[in-house]
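1. What follows is a predicted structure for the sequence shown.
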Amino acid sequence: MIYEEITKNKWKSFFLVFLFFIFVIVIGYLCGIIFQWGYFAVVMAVIIAIIMTLVSYYSGDKIVLSTSKARLAKTQEFPFYVHSVEGLAIAAGIPKPTAYVIDSEAMNAFATGKDPKSASVCVTTGLLKKLSREELEGVIAHELSHVKNYDIRIMMLAAVLVGILVILSDVMFRNMLWSSSSNNGRKGVHPVVMVIGLALIILSPFIANIIKLAISRKREFLADANGALLTRYPKGLADALRKISHDHNEMKSASNATAHLFISNPFKKGFTSNLFSTHPPIEERIKRLEKM
């Protein structure tokens, strides 16, 4: 089962990149028609997609750690955390990830890296202070399950690709407003094509986020189950999630592009955050763990 999921995740990462390329090319093509940019728009869209995808694949983990203001966890300062990462990595049969911490009272954690050989695990100092050893091991095991299952490759690509689409959409939308006083860019364009093109430009960030949501939620349930299997103690992760659900500190270093990497929504809970959350409800996750 686990090995099947790893294979599926590897194929899904390729499919995600392919789907993104198609989406960018379509937007570039429609903009070329609407604004009479010709094939230049498509070529530029493809070049941007290739460059940013390569950057996300090879440097995405460094970007995430930098924007999250993570620092290397020293054994002298956090001995149990560092040793737990090493011990659980051995139990999971993967190389030891690099351990990082974020100085924040919020309780959260994430893993990043394109594959197990280059993976990193990061937790907040608030999490280290407020969780028991069993609970912390449950969280670390959850994150290492993401590493082993190649979930982080998919989630990292999704984070960066969504950001690219947001930037492209913003540039194209501003160009549309800038040229609104002139009809030169719209001569000979069929009204239906124009409506579809403009709708895609405006809605592309939303569509990209829907793709990201579809990818992320199922992976959390799987990582919970695999993490519990790794520690042989589901209660540890369940209790950790329960404490995290009652924590109302917001992650100031988190962003919409990286929120889905965390074990729990890093922003304050509310109707909007629940509606568009990249994570399944914590209550449901706890119930599943307690039944194991």
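-> The structure has been received and is ready for your questions. Note that the coordinates shown come from a computational prediction; the quantities given were computed from them, not determined experimentally.

2. Quick one: low-confidence residue ranges for the stretch 151-292 of the chain.
-> Low-confidence segments of the stretch 151-292 of the chain, defined by pLDDT under 70, span residues 156-194, 196-198, 200-201, 204-205, 208-209, 211-212, 214-215, 256-257, 268-278.

3. now the helices for the stretch 151-292 of the chain?
-> For the stretch 151-292 of the chain, helices defined by DSSP state H, counting those that start in this stretch occupy the ranges 151-178, 191-231, 234-245, 271-275, 282-290.

4. what angle sits between the last one and helix 234-245?
-> In this structure, helix 282-290 runs at an angle of 170 degrees to helix 234-245, with axes from the mean of the first three to the mean of the last three CA atoms, to 10 degrees as the basis.

5. So which other helices or strands are in contact with helix 282-290?
-> helix 191-231, helix 234-245 (3 or more CB pairs under 8 Å, 6 or more residues apart in numbering; DSSP states H and E). No exception for glycine: its C-beta is placed from N, CA and C like everyone else's.

6. In the shortest one, which residues are buried?
-> Meaning helix 234-245. Residues of helix 234-245 classed as buried under the neighbour-count rule (16 or more other CB atoms under 10 Å) are 234, 236-241, 244-245.

7. can the residues you listed go into a markdown table with extra columns for distance to Ile210?
-> Converted to a markdown table, these look like this (distance: CB to CB, whole Å):
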| residue | distance to Ile210 |
| --- | --- |
| Pro234 | 31 |
| Gly236 | 33 |
| Leu237 | 28 |
| Ala238 | 29 |
| Asp239 | 33 |
| Ala240 | 29 |
| Leu241 | 25 |
| Ile244 | 25 |
| Ser245 | 25 |
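
8. of all those residues, which comes closest to Glu135?
-> Among those, Ala240 lies closest to Glu135 (CB to CB), at 3.8 Å.

9. Look up how far Phe20 lies from the closest one.
-> When CB to CB, to the nearest Å is applied, the distance between Ala240 and Phe20 equals 34 Å.

10. list the contacts for the closest residue in space to Leu127 that isn't next to it in sequence?
-> Nearest in space to Leu127, with sequence neighbours left out and distances taken as CB to CB, 6 or more residues apart in numbering, is Met107 at 4.5 Å. Met107 makes contacts with 124, 126-127, 130-131, 243-244, 247, 249, 264, as judged by CB atoms under 8 Å, 6 or more residues apart in numbering.

11. Can you flag which of those residues belong to strands?
-> When strands are assigned by DSSP state E, the members of the contacts of Met107 inside them are Thr124.

12. are any of the contacts of Met107 buried, and which?
-> Among the contacts of Met107, the ones that count as buried (16+ other CB under 10 Å) are 124, 126-127, 130-131, 244, 247, 264.

13. got the residue ranges for the strands in the stretch 1-150 of the chain?
-> Assigned by DSSP state E, counting those that start in this stretch, the strands in the stretch 1-150 of the chain fall at 70-72, 98-102, 109-112, 120-124.

14. Now do the buried residues in the shortest one.
-> Within strand 70-72, the residues that qualify as buried are Ala70, counting by 16+ other CB under 10 Å.

15. now swap in stretch 281-292 and tell me
-> By neighbour count with 16+ other CB under 10 Å, stretch 281-292 contains the buried residues 282, 285-286, 288-289.

16. mind checking which of the strands of the stretch 1-150 of the chain is nearest Pro79?
-> Once CB to CB is applied to the strands of the stretch 1-150 of the chain, the stretch that comes out nearest is strand 98-102, at 10.8 Å.

17. ok, residues contacting the closest one?
-> For strand 98-102, the external contacting residues (CB under 8 Å, 6+ apart) are 65, 68-73, 78, 81-82, 85, 108, 119-125, 128, 251, 253.

18. okay, the angle between it and strand 120-124?
-> Using the same axes, to 10 degrees, strand 98-102 lies at 30 degrees relative to strand 120-124.

19. Just the mean pLDDT for stretch 44-63, thanks.
-> The average pLDDT for stretch 44-63 rounds to 74.

20. List the buried residues of it.
-> 44-45, 48-49, 52-53, 56-57, 60-61, 63.

21. Poorly predicted segments of the stretch 1-150 of the chain, please.
-> Within the stretch 1-150 of the chain, the stretches with pLDDT under 70 are 1-10, 12-14, 16-17, 21, 24, 28, 30-42, 45-46, 49.

22. now with 80?
-> Using pLDDT under 80 as the threshold, the predicted model of the stretch 1-150 of the chain has low-confidence ranges 1-60.

23. Where do the helices of it begin and end?
-> For the stretch 1-150 of the chain, the helices defined by DSSP H, counting those that start in this stretch cover 2-34, 39-67, 79-92, 125-130, 133-148.
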